[in-house]
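Enquirer: Fold the following for me, if possible:
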Amino acid sequence: MVDTGAPPSGVSLSAQPPGGQVALGDRLVLSCTVAMGTGPLSFSWHREGSGALLSTNQHLELPHVGDSDSGQYRCRVSDGDSVAQSDPLNVTVLVPVANATITLSPPAHQVRAGDNVTLRCSAQVGSAPVTFTWLHNGQEVARGPLLELGDIDVGHSGTYQCVATNQLGQDGHRVFRALSPELALAVILRGHWGTVAAGVGGALLFLLLLVGVIVAWHRCHSVAARKQQERAPPDPPAPPEEGQVLYTHVVVTNRAGASPRATTLQDPQVTYAELRGPQGPPREPGDIYGNVL
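Expert: Next comes the predicted model:
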């Protein structure tokens, strides 16, 4: 209650939510009260480090706080003759964690048994302090930003995730978490790569040999077939059919009394003969001839 006739004094601040701790985007209301002072009273709000006048009301409302709204706030009260100022109220705007990621050192998703591997978790966004929890195949295994795996074996294979966490207030009434994408890690026994390489090399060698054998067999078969065709005698002529007339060239003689199967023409150069086929009864001599020069 304001005591009239006295200068303003006992100025104090209160915040909602209590303590002035809010998350990014929350609503914040600051109130200024005066224990004693004559009216009418005027109010002014200031943030340390900024010369701008924030408000002249008894209440200062920030509907959506941003990261830049963190700082110390004061309220000044004046009756026109004297001014009283409140103690500073510290406003903390917490940025929730986001975009948690895992980096692997050395950078390889397949490692050999006995190697030393370090996983690092980080959050690209988030107000400190940030804590980290490690999950292996969904089960919590460690805490802290680093997960060191020394002398690893096949039991370390699987998926890894980290959980980045920050909270609002000391009592943690609001906790924010960011889960990283899964990182798949495969641990290979020593010597396994050599075995795999040998197996692959053996398979390739076998395929090459098989192809070589097929090509060689095909070539040999082609050469043998070609040689056989070259050595084979030509097919004998088909025997003449019954009654077929064959013609041949004979040397002309001027003797009289030619064979009854031969006919001598006027041309003294060529004699034509009609020869019957090997089968069939004798037939009359043919009388159709062709001139062969």
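Enquirer: Could you measure from Leu189 over to Gly51?
Expert: 68 Å (Cβ to Cβ, to the nearest Å). Any C-beta I mention is one placed from the backbone N, CA and C, and that applies to glycine too.
Enquirer: What is the neighbour count of the closest residue to Asn137 other than its chain neighbours?
Expert: Nearest non-adjacent residue to Asn137, counting by Cβ to Cβ, 6 or more residues apart in numbering: Gly158, 4.5 Å away. Close neighbours of Gly158, defined as other Cβ atoms under 10 Å, add up to 17.
Enquirer: residues in contact with Gly158?
Expert: Residues counted as contacts of Gly158 (Cβ atoms under 8 Å, 6 or more residues apart in numbering) are 136-137, 184-185.
Enquirer: farthest-separated two in these?
Expert: Using Cβ to Cβ, the pair of those lying farthest apart is His136 and Ala184, separated by 11.5 Å.
Enquirer: So for these two, which residues contact both of them?
Expert: Joint contacts of His136 and Ala184 (Cβ under 8 Å, 6+ apart) are 158-159.
Enquirer: Let me know whether Gly66 touches Asp26 as I believe.
Expert: No: contact criterion Cβ atoms under 8 Å: Gly66 and Asp26 do not qualify, at 10.3 Å.
Enquirer: in the longest strand that the chain contains, what counts as buried?
Expert: Longest strand in the chain, counting residues (DSSP state E): strand 158-168. Neighbour-count burial for strand 158-168, with 16 or more other Cβ atoms under 10 Å as criterion, is recorded at 158, 160-168.
Enquirer: Is Arg219 part of a helix or strand, or is it coil?
Expert: With DSSP: H, G, I helix; E, B strand; the rest coil as the basis, the three-state label of Arg219 is helix.
Enquirer: what about it, how many neighbours?
Expert: For Arg219, using other Cβ under 10 Å, the count is 10.
Enquirer: For it, give me its contacts.
Expert: With Cβ under 8 Å, 6+ apart, Arg219 has no contacts at all.
Enquirer: hmm, who's touching whatever helix or strand Cys121 lives in?
Expert: Using DSSP states H and E, Cys121 sits in strand 117-125. Residues outside strand 117-125 that contact it (Cβ under 8 Å, 6+ apart) are 95-106, 111, 130, 132, 134, 145-149, 152, 156, 160, 162, 164, 178, 180, 183, 185.
Enquirer: And the buried ones among these, selectable in PyMOL?
Expert: To isolate the buried members of the contacts of strand 117-125 in PyMOL, using 16+ other Cβ under 10 Å:
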select buried, resi 95+96+97+100+102+111+130+132+134+147+149+152+156+160+162+164+178+180+183+185
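Enquirer: Break the chain down into its domains, please.
Expert: Per automatic domain parsing, the domain ranges recorded for the chain read 9-94, 98-192, 240-293.
Enquirer: what about the closest residue to Asp26 other than its chain neighbours, neighbour count?
Expert: Nearest non-adjacent residue to Asp26, counting by Cβ to Cβ, 6+ apart: Val65, 5.7 Å away. Burial of Val65 is recorded as 19 neighbouring residues (other Cβ under 10 Å).
Enquirer: swap in Val175?
Expert: 13.
Enquirer: same check, this time on Leu28
Expert: Leu28: 20 neighbours (other Cβ under 10 Å).
Enquirer: Can you give me the distance of it to Pro17?
Expert: Counting by Cβ to Cβ, the separation of Leu28 from Pro17 is 7 Å.
Enquirer: In what element of secondary structure is Asp87 found?
Expert: Judged by DSSP H and E, Asp87 forms part of no helix or strand.
Enquirer: first vs last residue of stretch 106-119, how far apart are they?
Expert: Start and end residues of stretch 106-119 are separated by 9 Å (Cα to Cα, to the nearest Å).
Enquirer: let me fix that: stretch 95-115
Expert: From start residue to end residue, stretch 95-115 stretches across 38 Å - Cα to Cα.
Enquirer: Would you mind checking the average pLDDT for it?
Expert: Averaged across stretch 95-115, pLDDT comes to 90.
Enquirer: Equivalent analysis for stretch 174-189, please.
Expert: Mean pLDDT, stretch 174-189: 93.
Enquirer: who's in contact with it?
Expert: Against stretch 174-189 from outside (Cβ under 8 Å, 6+ apart): 23, 94, 96-102, 104, 109-113, 117, 119, 121, 123, 126, 152-168.
Enquirer: Was I right to think Val130 contacts Val97?
Expert: Yes: assessed by Cβ under 8 Å, Val130 is found in contact with Val97 at 5.8 Å.
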